[in-house]
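Student: structural data only, the sequence is not supplied:
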C-alpha cells in the first residue's frame, strides 16, 4: 500500500484529502508545516508528497528544493497561487505536478494514482540498467541516470522524458508525445511546461558534458535525442 504525505496547514483541506486518499486505498500521513514534513520525508520516505506552497515557516518551494537534494520522491504542489511564473518555478524546483485551489479532491486522487502507477511501471518493467548510450546509463529500477559515471540529479518527470528519448535516439517526439511519456493521466499540459522540463534536462546534461548537444529542437515539431551530436564552436 502506497504511503502519501499531505503537507498542508489548513485542517479542512488536510482532512478532505485524507478521506479521499484513504478511500482510494492509500496510507496517508498529515503534516501542518514544511519543516515537520521535510523531517518526516528524511526519516520515513513516502511514495508521494502532496505539498502546499503557502506554509508557515518553511514554504513549499523551499521544502521541494530541500527534498530534491536527497530524494526523487514525486511531489504534487497544491496551492492558491495561479500565476504561470509560480507554476514554472515549481516545476524547475522538481515538482511533478501542480494543482491550483480550489480543486476537486477526486482530481487530486486521480493524479496521485497516475503518478504512482507510472512509478510502479518503471520499477516493474526492468530489473537491470539499460546498456550505455554514449556514456549515458539509465536505470529504471532505481530511477537513476548517470553520464560518464556521474549521477544526474533528475526529477522523476525529467528521468521519464530522458528515458523515452534516449531509448529511441534520432526519433523526433512531438510535445504531446512527451507529455504522454511523462504523465499517464492525459492532462492538458502547455508547450511551455514541456519546454521548461526540456530546458532543465539540457542544463543538467550539459553540466556534465558541456560540448554535447544531446537534445535537439526540431522546429515546429518537438525534440529528438542525438547521442553523438556536438555543439557548434
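Tutor: Noted; the coordinates are in hand. Bear in mind that the values here come from a model prediction, so they are computed numbers and not experimental data.

Student: all the helices of this protein, residue numbers only.
Tutor: For the chain, the helices defined by DSSP state H occupy 11-23, 34-43, 60-67, 84-92, 105-125, 156-166, 175-182, 191-208.

Student: show the pLDDT at the nearest residue to residue 79 once chain neighbours are set aside.
Tutor: Closest residue to residue 79 apart from its sequence neighbours, by CB to CB, 6 or more residues apart in numbering: residue 53 at 3.9 Å. All C-beta atoms are positioned from the backbone trio N, CA, C, and that covers glycine. Residue 53 is assigned a pLDDT of 90 by the prediction.

Student: likewise residue 19?
Tutor: Confidence score, pLDDT, at residue 19: 97.

Student: in the chain, which ranges drop under the pLDDT threshold?
Tutor: Counting by pLDDT under 70, the chain shows low-confidence ranges at 81-91, 121-134, 141, 183-190, 229-233.

Student: domain parsing for it?
Tutor: Using the TED database, the domain ranges for the chain come out as 3-125, 129-225.

Student: report how many residues lie close to the residue lying closest to residue 96 once chain neighbours are set aside.
Tutor: Among residues not flanking residue 96 along the chain, residue 74 sits closest, at 4.6 Å (CB to CB, 6+ apart). Around residue 74 there are 24 other residues, counting by other CB atoms under 10 Å.

Student: can you tell me how far residue 74 is from residue 97?
Tutor: To residue 97, residue 74 is 8 Å away according to CB to CB, to the nearest Å.

Student: shared neighbours, these two?
Tutor: Common neighbours of residue 74 and residue 97 (criterion: CB atoms under 8 Å, 6 or more residues apart in numbering): residue 115.

Student: still on that earlier bit, now for the residue nearest to residue 96: which residues touch it?
Tutor: The contact partners of residue 74, taken as CB under 8 Å, 6+ apart, are 47-49, 96-97, 115-116, 119, 156.

Student: return the distance of stretch 145-158 from the chain's centre.
Tutor: 13 Å (CA atoms, centre = their mean, to the nearest Å).

Student: show me the one of the helices of the chain that comes nearest residue 142.
Tutor: Evaluated over the helices of the chain, closeness to residue 142 peaks at helix 105-125, with 8.6 Å, by CB to CB.

Student: run through who's touching the closest one.
Tutor: Outside helix 105-125, the residues within contact range by CB under 8 Å, 6+ apart are 2, 4, 16-17, 19-21, 23-24, 26, 47-48, 50, 74, 76, 78, 96-97, 99, 140-141, 143, 156, 160, 163, 183-185, 187.

Student: please tell me I have it right and residue 93 contacts residue 66.
Tutor: No - judged on CB atoms under 8 Å, residue 93 makes no contact with residue 66 at a distance of 9.8 Å.

Student: rewinding a little: closest one to residue 135 among the helices of the chain?
Tutor: Taking CB to CB, helix 191-208 is the member of the helices of the chain nearest to residue 135, at 8.9 Å.
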